[in-house]
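[1] Kindly return the folded structure for what I paste below:
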Amino acid sequence: MGSNPPADALSLYEILGVERSASADQIRRAYRAKALETHPDKLDPGASSEDKQASEAKFHAVHEAFEILRDAYKRRAYDIQQGFRPQHSSSFSGEGDLSSEQRRRNEDRQQWARKQREQFEERIRQLRERAAADREERKRREQEAAEYRLMVERMLAELYRKNPEWAERKEKLRRQGHSNTRPPPPPPPVAS
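    Predicted structure coming up:
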């Protein structure tokens, strides 16, 4: 079978003070009692550092024992490792399989987790699509704005070319201190 623990080592059941056949509820109650009993805060304020360390070690051992024994899978693996004959509790059927209720719960949990994962992936896909669409829209607007500015500059340049007095009048206003006026744009390039 499995390797036997050293003779002086306490089993997890002994640490919690329960029988190997203890139910999950009995293990939970024993843990609460042992945790209160061994908690480092229960020591006198004048306790030595060695006493505090020993109390912390006991408290951690109680906690670790509970973490293993409260979980049916870990408890079964521990029992097998220690060479104990597996107990047939209500959480396991005679063949060592999960009960139908536990199987149903596990399937429900897996189905719920799958659904959550699918919803998360769908949200991520939608966010990526929206971000890509926003980038494309921004590019399109920037391109339209650049084309519009170029068109306006060409129109103004053509107007100033056809009406040189407009450019002179604008320059005169600018010299007089009107800040709203801009110098005329350069003439458009000549198409060949």
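[2] From here on, just use CA atoms for contacts and neighbour counts.
    Noted.
[3] Helices along this structure, start to end?
    12-16, 24-38, 49-69, 72-82, 100-162, 164-175 (DSSP state H).
[4] deepest of those helices, which one?
    Sort the helices of the chain by mean neighbour count, taking mean count of other Cα atoms under 10 Å, and helix 12-16 sits at the top with a mean of 19.
[5] which residues touch that helix?
    Contact with helix 12-16 is made by 19-20, 27, 30-31, 34, 61-62, 65-66, 69, as judged by Cα atoms under 8 Å, 6 or more residues apart in numbering.
[6] Would you format the residues you listed as JSON lines with pLDDT and distance to Glu142 included?
    What follows is the contacts of helix 12-16, written out as JSON lines (pLDDT from 0 to 100; distance: Cα to Cα, whole Å):
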{"residue": "Glu19", "pLDDT": "89", "distance to Glu142": "76"}
{"residue": "Arg20", "pLDDT": "86", "distance to Glu142": "74"}
{"residue": "Ile27", "pLDDT": "91", "distance to Glu142": "68"}
{"residue": "Ala30", "pLDDT": "92", "distance to Glu142": "70"}
{"residue": "Tyr31", "pLDDT": "92", "distance to Glu142": "67"}
{"residue": "Lys34", "pLDDT": "90", "distance to Glu142": "69"}
{"residue": "Ala61", "pLDDT": "92", "distance to Glu142": "66"}
{"residue": "Val62", "pLDDT": "92", "distance to Glu142": "66"}
{"residue": "Ala65", "pLDDT": "91", "distance to Glu142": "65"}
{"residue": "Phe66", "pLDDT": "92", "distance to Glu142": "63"}
{"residue": "Leu69", "pLDDT": "89", "distance to Glu142": "64"}
